[in-house]
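Enquirer: output the structure for:
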Amino acid sequence: MICGVSNDDGHALIDAGDGRRLERLGSRVVDRPAPSVAETPRRAGPESWRAADLRFDRERGWTGADQGPWRIAIDGVTLELRPTATGQVGLFPEHVLAWPWLRERLAHRPRAEVLHLFAYTGATTLVLAAAGARITHVDASRPAVAWARRNAELSNLAERPIRWIVDDALAYVRREERRGRRYAGIVLDPPTFGHGPDGTRWELDDALPVLLAACAAVADPDAFVLLTTHTPELSPGDLASALEIAFGIPGELESGDLELVAESGAVLPLGIAARMIRR
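Expert: Residues are numbered from 1 along each chain as shown. As a prediction, this is how the structure comes out:
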């Protein structure tokens, strides 16, 4: 594990097992699927699971008395969470594990330009902005970018230098290269499957080298890079090798699993990550 394990006041993993995860997200307890623990038994008792305010099942969707939006404060930012049709709520808690490392990278780089691709609802964007960076936030989903801007308002960061871009990540990065823009940091969380600007379907294990090569073309010589993904076909070593091929031999490179440890002691795997610093 490269990012450590922690629970924040705004989020706590209560238990995980039997293909489910039970989390406290601000004022609500949420029970939703977790395929990565399909073979692991639950540790917490039935009373803990019965206490869920919201539950999501792929067949029935969401159930619960209050399915409206709610807010959480987590590690210095305020986010609006909402039940979505895919079972997400607007926050990937495993990303919080990387925030201390990102803050360290920015500690001596005031007003550093950072490119955040597949930026979703903007939690990491806001952490970077609060640390003094100038952010280019890119996501192909217009509703997700609108949600991120709402989170910026709630976090009192709407006036920070953030460029909000609705665009395909690869197409946008290639245009940035042609424009001659360069970035001190690049953060990306590409999905396992996606569609290019022409509508063609791509899979990350095939598309990753092309995507990272484009990112390397807009990276400063001493840039830092954080790459996370939830693609089962890829290993931490695969991510590290892909970064090294695209960016060259870095000054620092490490990779590992992203995991959360529950209050019950259960371990919930939530993807993989690799991070590097060029020298």
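
Enquirer: for the rest of this, base every contact and every neighbour count on C-alpha atoms.
Expert: Noted.

Enquirer: buried stuff in stretch 152-161?
Expert: For stretch 152-161, burial by neighbour count (16 or more other C-alpha atoms under 10 Å) applies to A152, L154, S155, L157, A158.

Enquirer: what about the residue nearest to P209 when sequence neighbours are not counted, how many neighbours?
Expert: In space, and not counting its chain neighbours, P209 is closest to A242: 6.3 Å by C-alpha to C-alpha, 6 or more residues apart in numbering. Counted with other C-alpha atoms under 10 Å, the neighbours of A242 add up to 18.

Enquirer: how about A242, phi and psi?
Expert: A242 adopts backbone torsions of phi -60, psi -40, taken as degrees, to the nearest 10.

Enquirer: do the same with R71
Expert: According to degrees, to the nearest 10, R71 has phi -110, psi 150.

Enquirer: coming back round to it: mind putting the buried residues of stretch 152-161 in a markdown table, distance to L102 and secondary structure included?
Expert: Below are the buried residues of stretch 152-161 laid out as a markdown table (distance: C-alpha to C-alpha, whole Å; DSSP: H, G, I helix; E, B strand; the rest coil):
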| residue | distance to L102 | secondary structure |
| --- | --- | --- |
| A152 | 18 | helix |
| L154 | 21 | helix |
| S155 | 18 | coil |
| L157 | 17 | coil |
| A158 | 20 | coil |
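
Enquirer: redo the residues you listed as TSV? Include pLDDT and distance to L212.
Expert: Shown next, in TSV, are the buried residues of stretch 152-161 (pLDDT from 0 to 100; distance: C-alpha to C-alpha, whole Å):
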residue	pLDDT	distance to L212
A152	98	28
L154	98	32
S155	98	31
L157	98	29
A158	97	29
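
Enquirer: ok so, going back, next up, the contacts around the residue nearest to P209.
Expert: A242 makes contact with L208, P209, L212 under the criterion C-alpha atoms under 8 Å, 6 or more residues apart in numbering.

Enquirer: again, but for P250
Expert: E244, M276, I277, R278, R279.

Enquirer: tell me which two of those sit farthest apart.
Expert: E244 and R279 (12.6 Å; C-alpha to C-alpha).

Enquirer: for these two, indicate the residue with more neighbours.
Expert: E244 (16 against 12).

Enquirer: in three-state terms, label the more buried one for me.
Expert: Of the three states, E244 takes helix under DSSP: H, G, I helix; E, B strand; the rest coil.

Enquirer: that one: what's it in contact with?
Expert: E244 touches P250, counting by C-alpha under 8 Å, 6+ apart.

Enquirer: any idea which element V127 lies in?
Expert: For V127, the host element (DSSP states H and E) is helix 123-130.

Enquirer: list of residues touching that helix?
Expert: Counting by C-alpha under 8 Å, 6+ apart, 76-77, 79, 91, 95-96, 99, 102-103, 116, 119, 134-135, 137, 148, 151-152, 155, 157, 160-162 sit against helix 123-130.

Enquirer: what segments of the stretch 1-150 of the chain are strands?
Expert: 11-17, 20-25, 28-33, 54-57, 61-63, 70-74, 77-81, 113-117, 134-139 (DSSP state E, counting those that start in this stretch).

Enquirer: angle of the second one against strand 77-81?
Expert: Using axes from the mean of the first three to the mean of the last three C-alpha atoms, to 10 degrees, one finds that strand 20-25 and strand 77-81 are set 130 degrees apart in direction.
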